[in-house]
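Participant: Return a 3D structure for these sequence lines:
(chains A and B)
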There are 2 protein chains.
Amino acid sequence: MGRIIEITDVILRDAHQSLLATRMAMEDMVPACEDLDNAGYWSLECWGGATFDSCIRFLNEDPWERLRLFRKLLPKTRLQMLLRGQNLLGYRHYEDAVVERFVDKAAENGMDVFRVFDALNDLRNLKTAVAAVRKTEKHAQGTICYTVSPVHTIASFVEMAQRLRDLGVDSICVKDMAALLKPQPAFELIRGIKEACGEEMQVHLHTHATTGVTLVSLMKAIEAGCDIVDCAISSLALGSGHNPTEAVVEMLEGTGYETRLDKERLLKVKNHFAQIRNRYREFMSDFTGVDTEIFKSQIPGGMISNMENQLKGQGAGDRLQEVLVEVPKVRTDCGYPPLVTPSSQIVGTQAVFNVLMGKYKVLTGEFADLMLGYYGGTLGEKNPDVLARAEDHAKKPVITGRPADLLSPEWETLKTEALASGGAAGSDEDTLTYAMFPQVAAKFFKSRPEGPKNLGKDPVMKPPMLPVPAKPEEKTAVEGKVFRQTAPVTYAVTINGKEHKVRVAPGA
Amino acid sequence: MGRIIEITDVILRDAHQSLLATRMAMEDMVPACEDLDNAGYWSLECWGGATFDSCIRFLNEDPWERLRLFRKLLPKTRLQMLLRGQNLLGYRHYEDAVVERFVDKAAENGMDVFRVFDALNDLRNLKTAVAAVRKTEKHAQGTICYTVSPVHTIASFVEMAQRLRDLGVDSICVKDMAALLKPQPAFELIRGIKEACGEEMQVHLHTHATTGVTLVSLMKAIEAGCDIVDCAISSLALGSGHNPTEAVVEMLEGTGYETRLDKERLLKVKNHFAQIRNRYREFMSDFTGVDTEIFKSQIPGGMISNMENQLKGQGAGDRLQEVLVEVPKVRTDCGYPPLVTPSSQIVGTQAVFNVLMGKYKVLTGEFADLMLGYYGGTLGEKNPDVLARAEDHAKKPVITGRPADLLSPEWETLKTEALASGGAAGSDEDTLTYAMFPQVAAKFFKSRPEGPKNLGKDPVMKPPMLPVPAKPEEKTAVEGKVFRQTAPVTYAVTINGKEHKVRVAPGA
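Facilitator: Okay, here's the model as predicted:
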């Protein structure tokens, strides 16, 4: 038997985030859970900033309840989340005690694997979260955001991996959110990490499919010793999403590597999401091909549509090409940050401002903060002229310390505010929901009793997307329509043919 | 510098055959020709059975005129065609003199590379065509149709490669029309051919993207010594089409292999076909993902939609699953032919008959002929019970010789019939068009003076398929609308800024 390559499926989080604007309702994931849980995955990514946000903003669904239900429905498989280090699932730094509380509650509600990253690769923004995960004895995965720049070398990434190892992480993830990792660098990077951190250090590779080359990169990474790879079931894969799970299984045949995945289970999962996908056409990304221009601009697809909307809002929809040329220049000026939430938005918006109003004539507050170190440090040097302008604009000094060190304890304030917002149950979970998205949470707490919404449409009469039509749908594991009842609710969950009564309530 | 990997782009033939039902008008290809010709391709595939058929059936366009115009517009690049051996571009065997005449006229009108294949991999069906190509001193490419079965081994394919070499071919193509070639077999097969036929024998790999793994197979094939690979510009790639050209270029970075392609030219070609694609939405395949079920059923996507239509026509649209199970059984009974035109249609239709009317209760004439050897030999043994039934049905004996040996000279008859059909110009080209598709040709000859039709719609106001919007279109190389004029016509063709008058007429 060959070496086992472990697989994480991102179908419950990043796949629909990338392809269906994060709109998938829990109701549409539940029927696939039994097959997902028995398919033999190393983990299932199912929680992160965008799904949390979408739950309370669009779906009137409690994200903590979603987590608890995943835990019940996926008893055999690790649950995995993406955590933005000191930002948690929000867009600002939180004080350490909030970070610790968040990790504790996520672990308590069922999370197993915490993939912790920082948009700038500043390890000071990861260390509190990593330490908190270690304290819960859950799996702490340290993350390297992959990017390409004159200062980012294989050696610089390997050094970062060593520093993550020194923080005590259980595994190291290379996160290639923009699909920039080509096959040969993939081989060299994974090999470099293994040689520097020890062959026993688990390495996990996350890539997107956008540029069309990353399935080959997964192959090369596996040849270099990669232990775990991320992919998504084929009916919700490709485009700006991920490489198809089934393709990873098949490509390994005869190579001396193999997965533990059960193809019959995968087929059922695929058929389920092929039907679900059609219900969310309204939210579906138009981009189904590949785009190798990203190697030049380094601008992920999602960021381009954001910039396009910003430009159109200013009546300047025809100036996108100028902005695309401006983005790499702005990125150079601020020290080559990887472009991922929130740095991608900050750099993109500043590039739009530069094109519309003149070069650095107007700075956004966030861009000034990025220049001045309030998001953390960058690997590259900053442009001193732009730095001076940022100081002038923001009327505050450059900092070189850890940004979160500037924060005062805030837990009690957040708790009071959450309660005062009306509708919060007083649980730590509600306080954390409020802490992440205060305004949206306040609105959500009030509408929560109405129960979750499903934004998917009834299937339209279209030919199936896949040449092999789905088999008649399997009996739904959870009885229909329960998600339209008023929360808190008792679900009748059927696992392996046996019915269980599962009570899931906010703060339970 | 690394080893050069040569590239064939199939955008002008197989890409739109696979994704746009072969409907693309010459008018929509012309503006891309200057960039295609200067991009650095080894060859451009631009002619074959389906494009020839579509020209006269749907586009009122003379396929020979299309070839001559390609020759004018692509002076620097090899033109390549797909030739079905003794079937030429039709669905029956032709007598040797017709085969020779066809090859002569194709070469005379500008064809450089003849990829000659037989659906059953019976070399007796290739040898006349290969010899004819050699006589013209054009490039004769011998083809192995890749398939998977208990009798098809790496050794059996390598032995076929040696026999092709012995026929005197200039290069060997591995044709993976159903995307069944996984990375490890790709490596072993290409290495095997190189070792058996000599490292100097050029090996050319044609794959489709349908199963999602074949870009990795291209990488492994290149590592094994493959010289040339087929792909399609990214805006008309993937799904049941091909791997994107740009992805092949990018995946090789740093590997020690590289292409000669000019990325700026590729970008222009991509942007052009991104716009054209939108005009043919009506004909576009719905399948944009990947389907690994093909590894099990071995049924290419196009064949499934055919079978679905046949079943619906019989009011049995719900029995597709049974047919999908039946196809591999029928294939086993007839000796494991590769499934490609026409064997795919013959096996698929018989499977439909078996499901609807009982196992081999009714045989199609074509299936009986396949069983009895009238299409050539298969690698596997045939089921003797089914063979007996075929003899009984067809009232003719099993043959073991070369099928074309049964044919009498037919050129003069074809010529007379073509002229009698009305509208044929008496040229060899018209006789050959008639020989390929007699009824369709007769109709075409009459409507030909009306000039080519363009079935593409005006672009609908939809968001662009690709995240990076196309640049403003380059000036069209051929002045607009010329294709709506009455043939024969003089085209004003601008090459490298210099205008040439090009007269293209049937039989010219």
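Participant: Please work out the average pLDDT along stretch A:448-463.
Facilitator: The pLDDT scores in stretch A:448-463 average 78.
Participant: Number of residues surrounding residue A:303?
Facilitator: Close neighbours of residue A:303, defined as other CB atoms under 10 Å in any protein chain shown, add up to 23. All C-beta atoms are positioned from the backbone trio N, CA, C, and that covers glycine.
Participant: doesn't residue A:346 make contact with it?
Facilitator: No - the criterion here is CB atoms under 8 Å, and residue A:303 misses it with residue A:346 at 10.7 Å.
Participant: How about residue A:366, nearest residue that isn't a chain neighbour?
Facilitator: In this structure, residue A:366 finds its nearest non-sequential neighbour in residue A:346, 4.6 Å apart by CB to CB, 6 or more residues apart in numbering or on different chains.
Participant: what is the mean pLDDT for stretch A:16-34?
Facilitator: 96.
Participant: For it, measure first residue to last.
Facilitator: End-to-end span of stretch A:16-34 (CA to CA, to the nearest Å): 19 Å.
Participant: Can you name the residues that contact the residue nearest to residue A:366?
Facilitator: A:364, A:366-367, A:370, A:375 (CB atoms under 8 Å, 6 or more residues apart in numbering or on different chains).
Participant: do residue A:76 as well
Facilitator: Residue A:76 makes contact with A:37-38, according to CB under 8 Å, 6+ apart.
Participant: one more time with 6 Å
Facilitator: Residues in contact with residue A:76 (CB atoms under 6 Å, 6 or more residues apart in numbering or on different chains) are residue A:37.
Participant: ok, it to residue A:33 distance?
Facilitator: Here residue A:76 is placed at a distance of 11 Å from residue A:33 (CB to CB, to the nearest Å).
Participant: same question, residue A:65
Facilitator: Using CB to CB, we find residue A:65 at a distance of 15 Å from residue A:33.
Participant: next helix or strand past the longest helix seen in chain A?
Facilitator: As assigned by DSSP state H, the longest helix anywhere in chain A is helix A:263-279. Scanning forward in sequence from helix A:263-279 by DSSP states H and E, the next helix or strand is helix A:294-297.
Participant: For whatever helix or strand comes next after that next one, name the packing helices and strands.
Facilitator: Per DSSP H and E, the first helix or strand lying C-terminal to helix A:294-297 is helix A:301-313. In terms of contacts (3 or more CB pairs under 6 Å, 6 or more residues apart in numbering or on different chains; DSSP states H and E), helix A:301-313 is packed against helix A:320-333, helix A:343-357.
Participant: The one helix or strand residue A:79 maps to pairs with which strands, parallel or anti?
Facilitator: Using DSSP H and E, residue A:79 sits within strand A:78-83. If you go by DSSP bridges, strand A:78-83 pairs up with strand A:43-47 (parallel), strand A:113-116 (parallel).
Participant: quick one: contacts of the very next helix or strand once past the last one?
Facilitator: Elements were assigned by DSSP H and E; along the chain past strand A:113-116, the next helix or strand is helix A:127-136. Around helix A:127-136, the neighbours that count as contacts under CB under 6 Å, 6+ apart are A:83, A:85, A:96, A:99-100, A:103, A:107, A:114, A:116, A:140, A:167-169.
Participant: can you check stretch A:323-337 too?
Facilitator: Stretch A:323-337 has contacts (CB under 6 Å, 6+ apart) with A:120, A:149, A:151, A:297, A:299, A:307, A:343, A:347, A:350-352, A:354-355, A:370-371, A:378, A:380, A:382-383, A:386.
Participant: Got a ChimeraX select line for the buried ones in those residues?
Facilitator: ChimeraX command restricting the contacts of stretch A:323-337 to the buried ones, with burial defined by 16 or more other CB atoms under 10 Å in any protein chain shown:
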select /A:120,149,297,299,307,343,347,350,351,352,354,355,370,371,378,380,382,383,386
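Participant: which bits of the stretch 51-200 of chain A sit near chain B?
Facilitator: Neighbours of chain B within the stretch 51-200 of chain A, by CB under 6 Å from any CB of the partner chain: A:182-184.
Participant: So which residues of chain A form strands?
Facilitator: Per DSSP state E, chain A carries strands over the ranges A:3-4, A:6-9, A:43-47, A:78-83, A:113-116, A:139-145, A:171-176, A:202-207, A:228-231, A:257-258, A:489-495, A:498-504.
Participant: circling back: what about residue A:65 and residue A:33, which has more around it?
Facilitator: Per other CB under 10 Å, whichever of residue A:65 and residue A:33 has more neighbours is residue A:33, with 26 against 23.
Participant: Was I right to think the more buried one contacts residue A:71?
Facilitator: No - taking contacts as CB atoms under 6 Å, residue A:33 lies outside contact range of residue A:71: 10.5 Å.
Participant: shaky segments in chain A?
Facilitator: Within chain A, the set of residues satisfying pLDDT under 70 comprises A:1, A:300-302, A:459-508.
Participant: The nearest residue to residue A:146 once chain neighbours are set aside: neighbouring residues, count only.
Facilitator: Distances taken as CB to CB, 6+ apart put residue A:176 closest to residue A:146, at 4.4 Å, once the chain neighbours are dropped. Close neighbours of residue A:176, defined as other CB under 10 Å, add up to 27.
Participant: who does residue A:176 bridge with?
Facilitator: The residues listed as beta-bridge partners of residue A:176 by DSSP bridges are residue A:207.
Participant: Backbone dihedrals for residue A:424, please?
Facilitator: Torsion angles at residue A:424 (phi, psi; degrees, to the nearest 10) stand at phi -70, psi 140.
Participant: same thing with the one 3 residues further on?
Facilitator: Torsion angles at residue A:427 (phi, psi; degrees, to the nearest 10) stand at phi -80, psi 160.
Participant: and the helices and strands packed on helix A:301-313 as TSV, adding distance to residue A:405?
Facilitator: Shown next, in TSV, are the helices and strands packed on helix A:301-313 (distance: least, CB to CB, whole Å):
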stretch	distance to residue A:405
helix A:320-333	26
helix A:343-357	20
